[in-house]
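# return atomic coordinates for the entry below.
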Amino acid sequence: VLNNDLGGPNSITVFNRDEDGSLSLLAATSIGGVGSVAAFADGTQGSLILTPDRTRLFAVDAGSDQISVVNVDNGHLSVVGVFSSGGSGPVSLTYQNGLLYVLNAANASTAAGNIAGFHVSADGTLHPIAGATQPLSSAHPNPAQVLIDPRGRFLVVTEKVTGLIDVYRIHSDGSLGAPTFYASVGVYPFGMAFNPASSQENLLVDDGMGGPNSTGGVTSYH
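Predicted structure coming up:
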């Protein structure tokens, strides 16, 4: 669990999960950086992510505009380092095959939100990618999540206030093409995931509003 500590240092709490599903506290580990409440306006998705091989965590430090890289060994954490997020108010992360992208929402800043990309070296050090910093549809669209598609071809961002879904092409060097903006069919697009059972890479988007009786909904896209 990312604790999002205000005033810093930020920290992650780890729990053991027993066979019956019950949880017991293992430890809390300082990861550097500073948390923020204002940065996560109306909630976001993907502020703490685990690599597919389960050996490394990436966490946002939204109050200090940083990313913490943390190694994982049987539930025990050790900090690799704390790196600039390449923008203001990072809230969401996505990783695939040595590439890490961060969504800087800038919800608590006069700066404009953006996407920034990094190469992740074997030791966990982050290296900014030239041409991998791209704007959102507007300075402060209150974005929720950034996500790489399963084949590593595109980067997708949901924007809650504008009702847009942004798509960026990922080039072979990790740089990004200019965004294309699509109007969300659902209202208040929020979290998202690619359907692993679909051969056509269906994107499932959680809509915060628009369902019956003011409930949320889910929209599927090719």
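# residue 44 and residue 91 touch, don't they?
Yes: the criterion here is Cβ atoms under 8 Å, and residue 44 meets it with residue 91 at 4.2 Å. Quick note: C-beta positions are derived from backbone N, CA and C, even for glycine.
# which neighbours do these two share?
103, 105, 143-144 (Cβ atoms under 8 Å, 6 or more residues apart in numbering).
# residue 213: neighbouring residues, count only.
4 (other Cβ atoms under 10 Å).
# what's the answer for residue 125, then?
13.
# closest to residue 133 among the shared contacts of residue 44 and residue 91?
residue 103 (11.7 Å; Cβ to Cβ).
# give me phi/psi at residue 213?
phi 60, psi 40 (degrees, to the nearest 10).
# offset the numbering so it begins at 147, please.
Happy to do that; since the first residue is 147 now, the last one works out to residue 359.
# residue 171 contacts residue 161, doesn't it?
Yes: using Cβ under 8 Å, residue 171 is in contact with residue 161, at 5.9 Å.
# more neighbours: those two, which one.
Per other Cβ under 10 Å, whichever of residue 171 and residue 161 has more neighbours is residue 161, with 13 against 9.
# isn't the more buried one right up against residue 168?
No: using Cβ under 8 Å, residue 161 is not in contact with residue 168; the gap is 9.5 Å.
# give me the three-state assignment for residue 307.
Assigned with DSSP: H, G, I helix; E, B strand; the rest coil, residue 307 falls in the coil class.
# contacting residues around it?
Here residue 307 is in contact with 286-288 (Cβ under 8 Å, 6+ apart).
# now pLDDT too, for those residues, in TSV please.
Output for the contacts of residue 307, formatted as TSV (pLDDT from 0 to 100):
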residue	pLDDT
286	95
287	96
288	95
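# among those residues, which one is most surrounded by other residues?
That'd be residue 287 among the contacts of residue 307, by other Cβ under 10 Å, with 23 neighbours.
# pLDDT weak spots in this structure?
344-346 (pLDDT under 70).
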